[in-house]
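Asker: The sequence isn't on hand, but the structure is:
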């Protein structure tokens with residue numbers, strides 16, 4: 001039986017002695033948030049259907065005419081009613097009755113959509129609730145022209161599944177199968193994807209399979225979905241214990257739903273290091289295999305990108321063929337690289353607290369640009385142990401998704417301040433150049449392209465008073481040790497959400513407009529120059545002058561070549577350090593020079609005949625001929641040999 005089909009009303013409750021299906025009256029949204037105010041107008045007992053599943057013993061239309069127009073839920077062993085664990089629509093919040101919505105009712109217009117792979121991608125991460133003043137999918141669709149003019153290829157939405165309260169980051173979701181009504185619900189989500197595909201944009205949906213939020217989590221009422229093991233954000237999923245087959249299927253079917261019912265092009269998998277799975281076939285490998293099979297059947301690429309702090313290339317290593325000796329990887333399309341963020345962040349800001357400490361030498365940036373991971377078996381002072389493993393030669397460059405800012409790295413700062421709050425225009429420009437001229441798949445966080453002045457802070461709207469107080473106090477305790485506790489915005493305050501909403505009007509003024517144009521220029525160059533999206537990581541070479549804080553990154557380096565010696569990568573650069581190519585080396589066909597310190601950086605002799613692709617300094621674009629110029633501090637030049 002298809003346990004995911006429209007209107008079958010089946011439910012998994014393996015240890016229940018009785019399960020009852022109940023129906024409510026009223027219009028969708030009419031009993032908003034009504035845990036205890038379900039107006040039950042009809043009910044029927046369900047019968048065991050094998051494997052812990054329950055199903056109606058007779059057609060529901062015999063029980064209640066036009067049942068599909070009513071809200072519904074379940075009583076389990078006399079407790080409830082509770083929403084459907086696979087509900088597609090929760091217009092009365094995560095506590096109210098579920099509603100059916102026919103996944104075939106949307107008239108899709110994307111029959112010609114061929115999809116997009118990660119190679120050549122530029123990803124744009126956005127939170128629907130703060131991307132526009134309206135905070136809806138419909139309003140976000142109205143800004144797609146901006147993304148197109150920027151050169152974006154993939155739109156990545158923070159989680160949209162139903163959560164407790166009026167607004168949330170999305171990582172406290174509990175209705176995994178339902179698009180939150182505050183964003184427009186499932187109908188508007190389908191329209192949004194259709195609009196993106198019509199514009200040539202792929203859609204990646206952020207999903208959270210490692211835990212559920214604290215408000216409205218009724219899954220334990222139905223069965224052993226969770227374990228006693230904590231992920232740090234809540235109980236983990238039961239992936240390898242008794243009854244875990246159906247828990248895994250709950251995840252796998254959810255992923256299939258996004259691809260099949262909503263036509264999304266990929267999933268970003270939140271914090272996969274928190275998935276506790278001791279089985280021989282990890283749930284991620286199973287998910288990747290099923291995703292690849294569905295991609296083959298539907299004739300378009302589908303991507304899976306994991307967030308992981310393990311620095312484990314197994315995630316993005318190809319799976320072993322069936323029957324092949326030896327273990328393969330999980331076969332995911334890509335994974336986030338926090339090391340890239342940390343190296344760039346420290347290079348730009350000088351912050352070295354906590355996990356930033358190991359990235360203090362500028363040589364850390366060179367290593368990340370060359371190797372992908374900084375911690376590739378090296379000692380991590382933050383963890384107090386060795387960490388990570390080298391990527392190996394077979395991992396293509398696009399498999400690492402990198403960023404200088406994202407929702408976590410901004411939002412989990414005490415005040416949610418962006419880089420633009422503390423850096424000058426030249427340093428912001430260098431960050432953009434390292435990201436967009438670098439070897440990996442770049443991702444921008446909404447508003448980053450124009451150095452948005454708005455912070456992006458942690459916000460919630462829990463209606464349970466004790467939970468709201470716990471979140472507020474916990475957030476302040478988290479930062480108290482850094483003497484920031486009293487300055488941490490209250491997550492429950494309305495102004496915290498309001499201050500985090502983008503101000504689109506500023507994008508056309510001053511340095512905002514200049515940096516926006518810079519991002520357009522760099523993304524355009526990335527699309528035109530094949531060496532910038534070359535999957536061979538060996539064609540990138542980076543070097544630094546530690547003392548003067550100069551960076552050189554060569555792209556399109558010939559086999560066996562090496563970039564400038566400067567200081568090598570040992571951090572011992574000093575006066576007179578060479579910025580030309582080393583003995584026997586070949587310069588790249590595209591070269592980035594960046595001056596992060598107080599001294600201008602002379603253009604090396606081997607680059608004098610290169611032409612200027614782009615440049616930016618403290619006061620804006622740089623357009624002088626290459627021969628007569630230094631790289632100003634703070635600023636960069638992107639040069640090319642044709």
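Answerer: Cool, got the structure. Note that the structure is a prediction, hence the values are computed from the model and not measured.
Asker: Quick one: the helices in the stretch 401-550 of the chain, in order.
Answerer: Ranges of helices in the stretch 401-550 of the chain, per DSSP state H, counting those that start in this stretch, are 407-411, 425-436, 465-480, 494-499, 510-528.
Asker: Let me have those helices in CSV, adding mean pLDDT and mean neighbour count as columns.
Answerer: In short, each C-beta sits where N, CA and C put it, glycine included. Conversion of the helices of the stretch 401-550 of the chain to CSV gives the following (pLDDT from 0 to 100; neighbours: other Cβ atoms under 10 Å):
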stretch, mean pLDDT, mean neighbour count
helix 407-411, 95, 20
helix 425-436, 98, 25
helix 465-480, 77, 15
helix 494-499, 95, 16
helix 510-528, 98, 18
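Asker: Now those helices in a markdown table, please, with extra columns for distance to residue 621.
Answerer: Listed next are the helices of the stretch 401-550 of the chain as a markdown table, based on distance: least, Cβ to Cβ, whole Å:
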| stretch | distance to residue 621 |
| --- | --- |
| helix 407-411 | 26 |
| helix 425-436 | 9 |
| helix 465-480 | 38 |
| helix 494-499 | 31 |
| helix 510-528 | 7 |
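Asker: looking at these, which is closest to residue 290?
Answerer: helix 407-411 (27.3 Å; Cβ to Cβ).
Asker: so how far is that closest one from its chain's centroid?
Answerer: Distance of helix 407-411 from the chain centroid (Cα atoms, centre = their mean, to the nearest Å) equals 11 Å.
Asker: Can you tell me what sits against that helix?
Answerer: 125, 127, 158, 169, 341, 345, 403, 416-418, 445, 455-458 (Cβ atoms under 8 Å, 6 or more residues apart in numbering).
Asker: repeat that for 7 Å
Answerer: Judged by Cβ atoms under 7 Å, 6 or more residues apart in numbering, the contacts made with helix 407-411 from elsewhere in the structure are 125, 127, 158, 169, 341, 416, 418, 445, 456-458.
Asker: can you pull the buried residues of stretch 629-642?
Answerer: Of the residues in stretch 629-642, those with enough neighbours to count as buried (16 or more other Cβ atoms under 10 Å) are 629, 631-640.
Asker: what's the answer for stretch 259-269, then?
Answerer: Neighbour count says stretch 259-269 has 259, 261-269 buried, by 16+ other Cβ under 10 Å.
Asker: And those residues, which is closest to residue 69?
Answerer: residue 261 (20.0 Å).
Asker: For that closest one, which residues are in contact?
Answerer: Residue 261 makes contacts with residue 103, as judged by Cβ under 7 Å, 6+ apart.
Asker: Looking at it now. What's its pLDDT?
Answerer: For residue 261, the model assigns a pLDDT of 97.
Asker: Please report phi then psi for it.
Answerer: phi -90, psi -30 (degrees, to the nearest 10).
Asker: Look up how far residue 525 lies from it.
Answerer: Relative to residue 525, residue 261 is positioned 38 Å away (criterion: Cβ to Cβ, to the nearest Å).
Asker: now the strands: where do they sit in the stretch 101-250 of the chain?
Answerer: 123-126, 154-157, 161-163, 173-179, 202-207, 226-230, 235-237 (DSSP state E, counting those that start in this stretch).
Asker: can you put these in TSV and add mean neighbour count?
Answerer: Rendered in TSV, the data for those read as follows (neighbours: other Cβ atoms under 10 Å):
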stretch	mean neighbour count
strand 123-126	23
strand 154-157	25
strand 161-163	28
strand 173-179	25
strand 202-207	24
strand 226-230	13
strand 235-237	22
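Asker: and these as CSV, adding distance to residue 247 and mean pLDDT?
Answerer: Below are these laid out as CSV (distance: least, Cβ to Cβ, whole Å; pLDDT from 0 to 100):
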stretch, distance to residue 247, mean pLDDT
strand 123-126, 28, 98
strand 154-157, 25, 98
strand 161-163, 17, 94
strand 173-179, 12, 95
strand 202-207, 15, 98
strand 226-230, 9, 84
strand 235-237, 6, 89
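Asker: Tabulate those (CSV), appending distance to residue 410.
Answerer: Output for the strands of the stretch 101-250 of the chain, formatted as CSV (distance: least, Cβ to Cβ, whole Å):
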stretch, distance to residue 410
strand 123-126, 10
strand 154-157, 15
strand 161-163, 20
strand 173-179, 20
strand 202-207, 15
strand 226-230, 25
strand 235-237, 26
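Asker: Measure how buried the spatially closest residue to residue 133 that is not a sequence neighbour is and give me the count.
Answerer: Among residues not flanking residue 133 along the chain, residue 501 sits closest, at 6.2 Å (Cβ to Cβ, 6 or more residues apart in numbering). Around residue 501 there are 18 other residues, counting by other Cβ atoms under 10 Å.
Asker: Ok, the one 3 residues further on next?
Answerer: Using other Cβ under 10 Å, the number of residues around residue 504 comes to 15.
Asker: what's the burial count for residue 422?
Answerer: When neighbours are counted by other Cβ under 10 Å, residue 422 registers 13.
Asker: ugh, typo on my part, it should be residue 444
Answerer: Residue 444 is flanked by 25 other residues according to other Cβ under 10 Å.
Asker: Can you give me the pLDDT of residue 460?
Answerer: In the prediction, the pLDDT value recorded for residue 460 is 89.
Asker: quick one: contacts for it?
Answerer: By Cβ under 7 Å, 6+ apart, the contact set of residue 460 is 165, 168, 471, 491-492.
Asker: Just confirm residue 252 is within a helix.
Answerer: Yes. Checked against DSSP: H, G, I helix; E, B strand; the rest coil, residue 252 lies within a helix.
Asker: ok, now how distant is it from residue 281?
Answerer: Applying Cβ to Cβ, the value for residue 252 to residue 281 is 12 Å.
Asker: The two: which has the busier surroundings?
Answerer: Summary of the neighbour comparison: residue 252 and residue 281, criterion other Cβ under 10 Å, with residue 252 having more neighbours (17 against 12).
Asker: show me what contacts the more buried one?
Answerer: For residue 252, the contacting residues are 286-287, 290, taking Cβ under 7 Å, 6+ apart as the criterion.
Asker: Drop anything exposed from those.
Answerer: 286-287.
Asker: wait, which of the contacts of residue 252 is closest to residue 530?
Answerer: Of all the contacts of residue 252, residue 530 sits closest to residue 287, with 31.7 Å by Cβ to Cβ.
Asker: follow-up on the earlier one: ok, of the buried residues of stretch 259-269, which one's closest to residue 65?
Answerer: Nearest to residue 65 among those, counting by Cβ to Cβ, is residue 261 at 26.6 Å.
Asker: And the closest one, how far from residue 103?
Answerer: Here the distance between residue 261 and residue 103 works out to 4 Å (Cβ to Cβ).
Asker: Great, nothing more from me.
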